[in-house]
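K.L.:
below are the sequence and a predicted model for it; my questions follow.
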Number of protein chains: 6
Amino acid sequence: MPLVTINVIENVFSEEQKREMIDKVTDAMVSIEGEAMRGITWVLIEEIREGHWGIGGEGVVRPRT
Amino acid sequence: MPLVTINVIENVFSEEQKREMIDKVTDAMVSIEGEAMRGITWVLIEEIREGHWGIGGEGVVRPRT
Amino acid sequence: MPLVTINVIENVFSEEQKREMIDKVTDAMVSIEGEAMRGITWVLIEEIREGHWGIGGEGVVRPRT
Amino acid sequence: MPLVTINVIENVFSEEQKREMIDKVTDAMVSIEGEAMRGITWVLIEEIREGHWGIGGEGVVRPRT
Amino acid sequence: MPLVTINVIENVFSEEQKREMIDKVTDAMVSIEGEAMRGITWVLIEEIREGHWGIGGEGVVRPRT
Amino acid sequence: MPLVTINVIENVFSEEQKREMIDKVTDAMVSIEGEAMRGITWVLIEEIREGHWGIGGEGVVRPRT
């Protein structure tokens, strides 16, 4: 059941890093909910375009990782 | 009022199929809520990039439809 | 894969109607994507409190169904 | 804390207009919550593809602004 | 068309303040998109329970407004 | 920047377990993005009412954890 949605700015993380996010966040969830729920643990990544993410009104453009 | 958001992986469904999703899901909602609410029944489709949708940690890549 | 989220105002629809929404919207999706994807077709209902849904700035309060 | 997500159809608004949305919506929020919360007021813009936004079942395609 | 979702922690803002958020954010959007789109400008408020909003891992509990 | 939203069915996990979800998911994200981004790593938990989460049309009611 758990559904996890990760929003990041596009072009900040590599495909490899996003792959790792799905893996590690899934593992974090499974460590709490139990291994039996792994198959119904969904993790989605949604990307926001650069400049479309405002913090205090300032559009964030490619923060350094 | 009802707002329906459909998340799918991009490139899995044709534009024609997504068109049909909007139609059929709208009709399903209207059949319950009443025809009077059709005008305020919104259905949005959001697409997730391939590999960005993890089930149990495995990134789903173009499931067969 | 498809993930459908239905937002409604709370106390507008009965539990029976919401049950029916999940059924009918799932069937609508499966009729397009194919029966094989039924098991990974998720439909969630999220409720918004009365007065917390503004259309043109007017808070919608229990629309008639 | 407040997190605001603005969904619009892509190619309807210019980058300048979306920039302005982030600014004005942030200011609207800060005018209520207090200046101290500006730094944790996030405003994100998510774009929906043309034809993927149905109102009453009709896919909205580039409404006039 | 624009759909705006505002997430806040519950019990932080009064009903009056949330009412004002809907009004001011709607007006901010309409000032950019044009008065003609007011009727299809939706603003929803979703509340997150206290302690269910983590910033850097610390659960935020009723920030001062 | 990263914004993570965790959806779970209410009354399935204890407050302690949800607290742990925020901690562990934050740490998972920070391990990839770098410690410098911890302060802008937000993790929210949203709860769906029992019976409002359908998998293949069947409303999920309190899965065993």
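P.N.:
Yep, that arrived.
K.L.:
A:Glu20: neighbouring residues, count only.
P.N.:
Neighbourhood size, A:Glu20 [other CB atoms under 10 Å in any protein chain shown]: 15. Every C-beta, even on glycine, is put in place using the N, C-alpha and C of the backbone.
K.L.:
now A:Pro2
P.N.:
The burial count for A:Pro2: 23, using other CB under 10 Å.
K.L.:
if I look at A:Arg19, how far off is C:Ser14?
P.N.:
43 Å (CB to CB, to the nearest Å).
K.L.:
quick check on the two: which one has the bigger neighbour count.
P.N.:
Between A:Arg19 and C:Ser14, A:Arg19 has the larger neighbour count (other CB under 10 Å), namely 18 against 10.
K.L.:
excluding chain neighbours, what is closest to the more buried one?
P.N.:
B:Gly59 (6.4 Å; CB to CB, 6 or more residues apart in numbering or on different chains).
K.L.:
go on, A:Glu47?
P.N.:
Nearest one to A:Glu47, counting by CB to CB, 6+ apart, is A:Glu10 at 3.9 Å.
K.L.:
and the one you found, its phi and psi?
P.N.:
Dihedral angles of A:Glu10 (phi, psi; degrees, to the nearest 10) stand at phi -70, psi 150.
K.L.:
what score does it have for pLDDT?
P.N.:
Model confidence at A:Glu10, given as pLDDT, is 95.
K.L.:
how about the contacts made by it?
P.N.:
A:47-50 (CB atoms under 8 Å, 6 or more residues apart in numbering or on different chains).
K.L.:
show me which of those are buried.
P.N.:
A:47-49 (16 or more other CB atoms under 10 Å in any protein chain shown).
K.L.:
TSV for those, including distance to B:Val43?
P.N.:
What follows is the buried ones among the contacts of A:Glu10, written out as TSV (distance: CB to CB, whole Å):
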residue	distance to B:Val43
A:Glu47	22
A:Ile48	22
A:Arg49	23
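K.L.:
in strands only, show me those.
P.N.:
Using DSSP state E, A:47-48 are the members of the buried ones among the contacts of A:Glu10 that sit in strands.
K.L.:
quick one: A:His52 and D:Ile45 touch, right?
P.N.:
Yes - counting by CB atoms under 8 Å, A:His52 does reach D:Ile45; the two are 4.0 Å apart.
K.L.:
shared neighbours, these two?
P.N.:
Counting by CB under 8 Å, 6+ apart, the residues touching both A:His52 and D:Ile45 are D:18, D:22.
K.L.:
residue ranges in chain A under the pLDDT threshold?
P.N.:
A:61-65 (pLDDT under 70).
K.L.:
swap the cut-off to 50 and go again
P.N.:
A:64-65 (pLDDT under 50).
K.L.:
near chain B, which residues of it are found?
P.N.:
Residues of chain A that fall close to chain B, judged by CB under 8 Å from any CB of the partner chain: A:15, A:18-19, A:22-23, A:26-27, A:38-47.
K.L.:
are any of these buried, and if so which?
P.N.:
Buried among the residues of chain A next to chain B (16+ other CB under 10 Å): A:18-19, A:22-23, A:26, A:38, A:40-47.
K.L.:
restricted to helices, list the residues you listed.
P.N.:
A:18-19, A:22-23, A:26 (DSSP state H).
K.L.:
could I get the full set of strands for chain A?
P.N.:
So, for chain A - with DSSP E - the strands run A:3-9, A:42-48, A:53-55, A:58-59.
K.L.:
which one of those strands lies closest to C:Gly34?
P.N.:
For C:Gly34, the closest of the strands of chain A is strand A:42-48, at 19.4 Å, according to CB to CB.
K.L.:
list the strands paired with that closest one, with their directions.
P.N.:
strand A:3-9 (parallel), strand B:53-55 (antiparallel) (DSSP bridges).
K.L.:
turn the ones you listed into JSON lines, including distance to B:Pro2 and mean neighbour count.
P.N.:
Output for these, formatted as JSON lines (distance: least, CB to CB, whole Å; neighbours: other CB atoms under 10 Å in any protein chain shown):
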{"stretch": "strand A:3-9", "distance to B:Pro2": "20", "mean neighbour count": "22"}
{"stretch": "strand B:53-55", "distance to B:Pro2": "25", "mean neighbour count": "22"}
